[in-house]
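>>> Just a sequence and a predicted model for now, questions to come.
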Amino acid sequence: MNGPRRIGQAVPEVAGKALGKRGLAFGALINDWPSIVGHQLSLRTAPDKLSFPRGKREDAVLHIRAMGAIALELQHLEPQIVERINSFFGYRAVAKIKLIHAAPISSPTPVVRPRTLTMDEELSVMTTTAAIEDEDLRATLERFGRSLLARPAAKPGPRPVPKLPQKR
């Protein structure tokens, strides 16, 4: 099919390639991990692998990365976590959890809310884009300008000095 496609049609194709044998179910689990297990638990744990029995798409073993005392807590919470995961999928996708003694690969970054602009900043955006005749382009550039100005300031401190290439 040539021409535009709905994004929902392209996601399985693209995500399937990115996730490989892990599949879309694992991708959904990674994406929604904080809402499944809770924010605090998601900061210290991460799903690592979802292993289904051969030829089946249910009763999987979920491998979870966790370190230290949180692993003990996960053992106690296993029935609740399995129940939450299965209610997330809508069927008995996971039968049990296996813990892997390792730190989560990546910790989620906190969502940074943009600050509100001052009147001077808002006026600056409006005057900078006022000469643009195309209304859609002007509106887009205004949104872009506001988003740039609303970003939180960089943390103070020494900036790394870039290394210059060595002459030979």
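The structure has been received and is ready for your questions.

>>> would you list every one of the helices in this protein?
7-19, 23-31, 33-37, 39-44, 69-89, 119-129, 135-150 (DSSP state H).

>>> Give me the helices and strands touching the fourth one, please.
Think helix 39-44. On a contact count with 3 or more C-beta pairs under 8 Å, 6 or more residues apart in numbering; DSSP states H and E, helix 39-44 meets helix 33-37, helix 69-89. Placement of C-beta: from N, CA and C, glycine included.

>>> The last one: which residues count as buried?
Read it as helix 69-89. Ile70, Ala71, Leu74, Leu77, Glu78, Ile81, Val82, Arg84, Ile85, Phe89 (16 or more other C-beta atoms under 10 Å).

>>> Walk me through the domains of this structure.
13-101, 119-150 (automatic domain parsing).

>>> Quick one: end-to-end distance for the shortest one.
Spelled out, that is domain 119-150. Domain 119-150 has an end-to-end distance of 12 Å (criterion: C-alpha to C-alpha, to the nearest Å).

>>> Could you list the buried residues of that domain?
For domain 119-150, a neighbour-count test (16+ other C-beta under 10 Å) marks Val125, Thr129, Glu142, Gly145, Arg146 as buried.

>>> Please tell me how far Asp134 sits from Leu50.
From Asp134 over to Leu50 the distance is 48 Å, taken as C-beta to C-beta, to the nearest Å.

>>> about what we covered before: out of the helices and strands packed on helix 39-44, nearest to Ala95?
Of all these, helix 69-89 sits nearest to Ala95, with 7.3 Å by C-beta to C-beta.

>>> Adding mean pLDDT and distance to Ala95, write the helices of the chain out as TSV.
Compiled in TSV, the helices of the chain are given as follows (pLDDT from 0 to 100; distance: least, C-beta to C-beta, whole Å):
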stretch	mean pLDDT	distance to Ala95
helix 7-19	49	21
helix 23-31	70	14
helix 33-37	88	16
helix 39-44	87	20
helix 69-89	90	7
helix 119-129	93	55
helix 135-150	89	45
